[in-house]
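Enquirer: I would like the atomic coordinates for the input below:
(one chain, ligands or ions: 1)
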Amino acid sequence: MSKGVKPVSRIVGLGVSYPDNIMTNQDLEKIVETNDEWITTRTGIKERHLVKRGERTSDFCIRAAREALAEAGIAAEELDAIILGTISGDLRFPATATLIQEAIGAKNAAAWDISATCSGFMFSLYSADTLIAANRAKNVLVLGAELLTPITDWSDRGTCVLFGDAAGAAVVTRATDDRGVLSVVIGSNGSYTDLLYCVGHGTSSKGELAALNGERVIHMNGNEVFRHAVRMLERTAKEAVEKAGLDPADVDWLIPHQANTRIIAATAERLGLPMEKVFLNIHKYGNTSSASVPLAMYEARKEGALRDGQVMLSVVFGGGFTWGGAVIRF
Ligand code: ACO
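Expert: Purely as a prediction, here's the structure:
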């Protein structure tokens with residue numbers, strides 16, 4: 001019998017999708033006063049994928065969802081719920097989750113979006129785990145997807161170097177053995193709205209109305225956010241590990257929100273985890289907000305790093321502030 005609490009839910013399929021179009025740090029040097037050396041040393045980012053005009057958040061979600069369902073061996077009709085964490089859905093309404101539902105033919109699922117910035121996937125996973133624990137759902141499709149580059153101020157070097165676009169999906173179902181979600185925790189503190197916010201809505205062409213008043217872009221005080229992130233990530237990680245009935249030493253992989261390598265390194269150090277146990281893909285994608293954790297989990301699995309039976313700890317932090325963490329045995 002493995003150490004730790006008995007899981008209620010389990011991830012049985014993962015899928016991702018992101019735009020083909022790549023923007024490197026060298027490309028950014030032509031747009032704003034920056035350089036590859038600054039971006040690499042201060043953030044860990046080398047390149048990011050950028051959406052092209054006409055591509056929508058739902059397009060990437062649908063591809064990620066189909067891949068996750070195929071791996072899970074679960075038909076779309078068997079889904080009871082679709083929960084999408086996003087702050088950059090296609091339209092102000094309806095929820096982008098309903099567009100995914102229609103496209104994949106999940107006619108028995110209730111579908112809704114969750115707005116929790118970079119913590120969107122974790123909030124959605126929390127919801128899925130809770131629904132399954134309460135016997136309100138058997139199979140839940142959980143997604144984190146973000147097209148932040150259309151709502152980025154491309155004249156602000158403090159933010160435009162950070163973000164990339166992507167979607168990730170996970171099929172969550174009832175756990176049957178010791179593999180699954182051992183813990184998932186979330187939290188919010190609305191006192192810090194001024195440090196990270198965006199007024200406008202929508203990434204489809206209809207969203208351009210919001211752009212007319214110039215209030216459609218992300219505003220962030222990066223330095224202050226950084227300080228809060230490191231503190232909260234440590235606290236949340238410890239809470240998630242404790243709720244899982246484990247110690248930090250039991251964690252095989254830290255797969256955190258990929259916002260900044262320095263934030264991640266500080267978090268790992270505070271948890272006593274060596275960097276060899278930290279999975280990083282920020283250099284390829286930048287900060288993809290709510291897509292970052294499913295994208296990193298997906299790559300950790302595909303590359304054979306995160307193996308069956310291993311325990312991963314994930315922690316996230318984003319605007320709101322919002323935060324969350326999960327301990328999952330694969
Ligand atoms: N290129 C070159 N120089 C730059 C750049 C750039 N792209 N951006 C800022 N600088 C300069 C600044 O102007 C400043 O110059 P000065 O000292 O002459 O005034 C200097 O670099 C240092 O700026 P800081 O903002 O203090 O740099 P910092 O080390 O804090 O790094 C960063 C900035 C990368 C944004 C960091 O603060 C960060 O990652 N913050 C957290 C972001 C995050 O996690 N957000 C939450 C999730 S996002 C979401 O929820 C949507």
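Enquirer: any idea how many residues pack against the closest residue to the ligand within the stretch 201-330 of the chain?
Expert: Relative to the ligand, the nearest point of the stretch 201-330 of the chain is Gly222 (2.7 Å; Cβ to the nearest ligand atom). No exception for glycine: its C-beta is placed from N, CA and C like everyone else's. Other residues within reach of Gly222, judged by other Cβ atoms under 10 Å, total 17.
Enquirer: mind listing what it touches?
Expert: Gly158, Thr159, Leu162 (Cβ atoms under 8 Å, 6 or more residues apart in numbering).
Enquirer: of all those residues, which comes closest to His49?
Expert: His49 lies nearest to Leu162 out of the contacts of Gly222, by Cβ to Cβ, at 13.3 Å.
Enquirer: might one say that the closest one is in contact with Arg42?
Expert: No - Leu162 is beyond contact range of Arg42, at 9.8 Å (criterion: Cβ atoms under 8 Å).
Enquirer: what do those two both touch?
Expert: Listed as contacting both Leu162 and Arg42 by Cβ under 8 Å, 6+ apart are Asn260.
Enquirer: measure stretch 137-151 end to end?
Expert: Start and end residues of stretch 137-151 are separated by 34 Å (Cα to Cα, to the nearest Å).
Enquirer: that should have said stretch 75-83, apologies.
Expert: 16 Å.
Enquirer: and it, what's buried?
Expert: By 16 or more other Cβ atoms under 10 Å, the buried positions in stretch 75-83 come out as Ala76, Glu78, Leu79, Asp80, Ala81, Ile82, Ile83.
Enquirer: again with stretch 21-32
Expert: Met23, Asn25, Leu28.
Enquirer: ok so, going back, what pLDDT does the model give the residue of the stretch 201-330 of the chain closest to the ligand?
Expert: For Gly222, the model assigns a pLDDT of 93.
Enquirer: same question, Val217
Expert: pLDDT at Val217 comes out at 85.
Enquirer: that one and Ala116: what is the separation?
Expert: 20 Å (Cβ to Cβ, to the nearest Å).
Enquirer: who has more neighbours, those two?
Expert: The residue with more neighbours, out of Val217 and Ala116, is Ala116; 28 against 20, by other Cβ under 10 Å.
Enquirer: residue ranges with poor pLDDT in this protein?
Expert: The model of the chain has pLDDT under 70 over residues 201-215.
Enquirer: domain ranges for it?
Expert: 9-177, 182-329 (automatic domain parsing).
Enquirer: ok, so of the buried residues of stretch 75-83, who is nearest the ligand?
Expert: Nearest member of these to the ligand, counting by Cβ to the nearest ligand atom, is Ile83, at 18.5 Å.
Enquirer: that closest one touches Ala128, doesn't it?
Expert: Yes - Ile83 lies in contact with Ala128 (Cβ under 8 Å); the separation is 6.1 Å.
Enquirer: what sits in contact with each of these two?
Expert: Among the neighbours of Ile83, those also in contact with Ala128 (Cβ under 8 Å, 6+ apart) are Val140, Val142.
Enquirer: so which of the domains of the chain gets nearest Ser2?
Expert: Here domain 182-329 is closest among the domains of the chain (Cβ to Cβ), at 6.8 Å.
Enquirer: what are the ranges of the helices in the stretch 101-250 of the chain?
Expert: Secondary structure of the stretch 101-250 of the chain, counting by DSSP state H, counting those that start in this stretch: helices at 120-133, 157-160, 208-211, 222-243.
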